[in-house]
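>>> what's the 3D shape of this:
(one chain, ligands or ions: 2)
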Amino acid sequence: MATTSSAELLQTEAELVRHSLGYLKSMALHSAVKLGIPDALHRCGGAASLPDLSSTLALPCSKRPYLSRLMKMLAVEGIFTAVAVDVDVPTASGGEGSVRYGLNPVSRLLVSGSGACLSPCVLMGTSPLFLEASLRLHQWFQRDGQGDQPAFAMAHGESPYGAAGHDTEFNALVNEAMGSDSRHMAELVVRECAEVFTGVTSLVDVGGGNGTMATAIAKAFPHVKCSVLDLPHVVQGVVSTHESVEFAAGDMMEYVPPADAVLLKCVLHNWSDEDCVKILTKCREAIAQGAKAGKVIIIDAVVGSPSHSQQVLEAQVLMDMQMMMLFMSKEREELSWQKIFMEAGFSHYKIQPVLGMRSIIQLYP
Ligand SMILES: C[S@@+](CC[C@H](N)C(=O)[O-])C[C@H]1O[C@@H](n2cnc3c(N)ncnc32)[C@H](O)[C@@H]1O
Ligand SMILES: COc1ccc(-c2oc3cc(O)cc(O)c3c(=O)c2O)cc1
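Ligands and ions are numbered 1, 2, ... in the order given. Just a heads-up that it's a prediction; the model follows:
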């Protein structure tokens, strides 16, 4: 029997440490966002020495030496750049700044005020309510029984939507995260998938929240009249910022208003297969009522597309775990999607894996 070499054993030990302490990467990212490091680097022109960065952040002097540890780890993990500078060249703050840390494409997505700032998604993904639920996953696996509830509900005694109903801080976090995700996606949908909206004169964004996506579509494609369907407490008080976007309160399980196209962005992955069939059946009925043969447009993950990178696959399976923990729902592979589409009465579909970890799927009756 072949024995594992010492070099291999030591390498795998390092690999195990990477995985078991990997949560510190998430929490260091959480700290960086909370401390405002991406914005501070942006204000400094995109990069700064450690002394300049700590003064910009106004950290207490006692904590300044520790900032280098946080920044070093985040740079090693590919979240900031680290460039060694000549120590003989004096810096504005007296020559201690031998490394300059800077924004890279990942941390540029965390700069606020830019078109797409995904910091709220980081804060939601690392929120205490999510972390506490994740610590209970093993107990959730061990629990048997009918009427099973997700790990989140097991940990907190209520669903994420229940928690958002009374915890104003969590509610704001979720709304900001979904809003920022939609702003980011909207830019890319307009850039990458404009042809999807050709010939569409009316669109209803089902589960469209505060209308971020619908508003971006109405702005980019003036021929599309948009409406947003969401639950009464979500649309109540939302003021439309575009003349072609209106809001309707309703339950997508009961009724979807007629339109040429129905959009479902990041909605179906919150639901079971059976519920997806019900929702899509209502959507098919909605597009059948117009003069044109309409379509349903889904923005969601299609896990494991061969054109995806390893990073995209990792993001998809992490999102899948998050969906399991929060809602006992899932991210789906093409075969699972296909089964749902056929059961809901659609005849064909087209998947375009052009939105990173998400795809745009067009469904036809
Ligand atoms: C994950 S969020 C997605 C929001 C939005 N599409 C986006 O991507 O930002 C799911 C949305 O579905 C809405 N929703 C949940 N149940 C619903 C129902 N029965 N009818 C209509 N909307 C519903 C929620 O209120 C929420 O706004
Ligand atoms: C009320 O509690 C929650 C509602 C929704 C979600 C949630 O969060 C995200 C976050 C993302 O960065 C991307 C997503 O696609 C989603 C969701 O689809 C989703 O439902 C979490 C808690």
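>>> tell me where this protein is predicted with low confidence.
87-97, 114, 146-147, 290-291 (pLDDT under 70).
>>> and this protein, which of its residues are near ligand 1?
Selection of the chain residues close to ligand 1 by CB under 6 Å from any ligand atom yields 178, 181-182, 207-209, 229-231, 234, 251-253, 265-267, 270. Just so you know, the C-beta spots here come from the backbone N, C-alpha and C atoms, and that holds for glycine as well.
>>> sort out for me which of these are in helices.
If you go by DSSP state H, the residues of the chain next to ligand 1 have Met178, Asp181, Ser182, Val234 in helices.
>>> quick one on the thing from earlier: of the residues of the chain next to ligand 1, buried ones?
The neighbour-count criterion (16 or more other CB atoms under 10 Å) marks 178, 181-182, 207-209, 229-230, 234, 252, 265-267, 270 among the residues of the chain next to ligand 1 as buried.
>>> quick check: the two most widely separated of the ones in helices among the residues of the chain next to ligand 1?
Using CB to CB, those span at most 15.6 Å, a distance reached by Asp181 and Val234.
>>> show me what contacts the residue of the chain found nearest ligand 2?
Across the chain, the shortest distance to ligand 2 (CB to the nearest ligand atom) belongs to Pro160, at 3.0 Å. Listed by CB atoms under 8 Å, 6 or more residues apart in numbering, the contact set of Pro160 reads Leu129, Phe152, Val174, Leu326, Phe327.
>>> Gly78 versus His308, what's the distance?
According to CB to CB, to the nearest Å, His308 stands 18 Å off from Gly78.
>>> so where do the strands sit in this structure?
Under the criterion DSSP state E, strands of the chain are mapped to 47-49, 80-84, 99-103, 202-206, 225-230, 245-249, 261-265, 295-300, 302-303, 332-333, 348-355, 358-364.
>>> want to try a markdown table for these, with distance to Leu74 as columns?
As requested, the strands of the chain are exported to a markdown table (distance: least, CB to CB, whole Å):
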| stretch | distance to Leu74 |
| --- | --- |
| strand 47-49 | 14 |
| strand 80-84 | 5 |
| strand 99-103 | 8 |
| strand 202-206 | 36 |
| strand 225-230 | 36 |
| strand 245-249 | 39 |
| strand 261-265 | 30 |
| strand 295-300 | 30 |
| strand 302-303 | 28 |
| strand 332-333 | 32 |
| strand 348-355 | 26 |
| strand 358-364 | 26 |
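>>> so which of those strands comes closest to Leu318?
The nearest among those, by CB to CB, is strand 302-303 at 11.1 Å.
>>> from the rest of the structure, what touches that closest one?
By CB under 8 Å, 6+ apart, the residues outside strand 302-303 that reach it are 313, 316-317, 320, 331-334, 337, 351, 353, 359, 361.
>>> and it, which strands flank it?
Here strand 302-303 has these sheet partners by DSSP bridges: strand 332-333 (parallel).
>>> and the strand it pairs with, anywhere near ligand 2?
No: Strand 332-333 does not reach ligand 2 (CB under 6 Å from any ligand atom); its nearest approach is 13.0 Å.
>>> gap between that strand and the chain center?
Taking CA atoms, centre = their mean, to the nearest Å, one finds strand 332-333 lying 17 Å from the centre of the chain it belongs to.
>>> enumerate the residues of the chain near ligand 2.
Within the chain, the residues that sit near ligand 2 (CB under 6 Å from any ligand atom) are Cys121, Met124, Pro160, Tyr161, Ala164, Val174, Ala177, Asp181, Cys266, His269, Asn270, Leu326.
>>> closest to ligand 1 out of those residues?
The nearest one, if we look at the residues of the chain next to ligand 2 relative to ligand 1 and count by CB to the nearest ligand atom, is Cys266, at 3.9 Å.
>>> that closest one contacts Ile299, doesn't it?
Yes: between Cys266 and Ile299 a contact is recorded at 6.5 Å, counting by CB atoms under 8 Å.
>>> identify the contacts common to those two.
Arg358.
>>> how far does stretch 247-254 sit from its chain's centre?
24 Å.
>>> gap between the two ends of it?
Length of stretch 247-254, first residue to last, CA to CA, to the nearest Å: 17 Å.
>>> hmm, who's touching it?
By CB under 8 Å, 6+ apart, the list of residues contacting stretch 247-254 from outside reads 204, 206-207, 211, 227-232, 235-236, 238, 240, 256-257, 267, 275, 278-279, 282-283.
>>> please repeat the previous calculation with a cut-off of 7 Å.
Contact partners of stretch 247-254, identified using CB atoms under 7 Å, 6 or more residues apart in numbering, comprise 206-207, 211, 227-229, 231-232, 235-236, 238, 240, 257, 278-279, 282.
>>> again with stretch 355-364
If you take CB under 7 Å, 6+ apart as the criterion, stretch 355-364 is touched by 185, 188-189, 192-193, 196, 295-302, 305, 312, 315-316, 319, 337, 341, 346-354.
>>> among those residues, name the buried ones.
185, 188-189, 193, 196, 295-302, 305, 312, 315-316, 319, 337, 341, 346, 349, 351, 353.
>>> quick one, helices of the stretch 51-200 of the chain?
For the stretch 51-200 of the chain, the helices defined by DSSP state H, counting those that start in this stretch cover 64-76, 105-108, 119-125, 128-135, 137-142, 151-156, 160-166, 168-192.
>>> would you turn the ones you listed into TSV with distance to Val33?
Formatted as TSV, the helices of the stretch 51-200 of the chain follow (distance: least, CB to CB, whole Å):
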stretch	distance to Val33
helix 64-76	11
helix 105-108	10
helix 119-125	5
helix 128-135	15
helix 137-142	24
helix 151-156	22
helix 160-166	20
helix 168-192	12
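>>> Gly45: which of the ones you listed is closest?
Closest approach to Gly45 among those is made by helix 105-108 (13.1 Å; CB to CB).
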